[in-house]
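Enquirer: Just to be clear, the model below is a prediction. Sequence and coordinates:
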Amino acid sequence: MIKMNIEDFIYEVKEELICYDEIGKEGADIWEQGFRKWLNSSAKKPNVYVSGNNAKFGIEDESEIFDIADEYLEALEKGKTEEYWKKFK
């Protein structure tokens, strides 16, 4: 498992999202807003590791970042971003 600093994780996912014409920079920024809202919510977060003021997000490998971006694109296309965030972990 790779434990990435939260800010690095956000940067990597946004970089991948920007590559999609359907999402672009504005859409990636919207994903970041949604992620930060999810992060601050009471939702269960098994992949978030907090030690003091240091938070990390755990992923199995780098391909998981691509999966996160793909799932977000699919949710956008289907108009199901609320469900995306409910199932996000």
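Expert: Sure, I can see it. Numbering: from 1, shown residues only.

Enquirer: name the helices or strands packed onto the helix or strand of the chain with the lowest mean pLDDT?
Expert: Taking mean pLDDT, DSSP states H and E as the measure, the chain has strand 48-51 as its least confident helix or strand, at a mean of 88. Counting contacts by 3 or more C-beta pairs under 8 Å, 6 or more residues apart in numbering; DSSP states H and E, strand 48-51 packs against strand 54-59. Heads up, the C-betas are built off the backbone N, CA and C, glycines and all.

Enquirer: three-state assignment of the residue nearest in space to the middle of the chain?
Expert: Central residue of the chain (C-alpha atoms, centre = their mean): F35, 5.5 Å from the mean position. Secondary structure, DSSP: H, G, I helix; E, B strand; the rest coil: F35 is helix.

Enquirer: With the one 10 residues further on instead?
Expert: Put simply, K45 is coil when judged by three-state DSSP.

Enquirer: hang on, the earlier thing: what does the least confident helix or strand of the chain rub up against?
Expert: With contacts defined as C-beta atoms under 8 Å, 6 or more residues apart in numbering, strand 48-51 is touched by K3, I6, L39, A55, K56, F57, G58.

Enquirer: Leaving out sequence neighbours, find the closest residue to the residue nearest to the centre of the chain.
Expert: I10 (6.3 Å; C-beta to C-beta, 6 or more residues apart in numbering).

Enquirer: about what we covered before: let me know the closest of the contacts of strand 48-51 to E16.
Expert: Relative to E16, the closest of these is F57; by C-beta to C-beta it sits at 14.2 Å.

Enquirer: looking at this protein, which residue ends up farthest from its center?
Expert: Max distance from the centre of the chain (C-alpha atoms, centre = their mean): G52, 21.7 Å.
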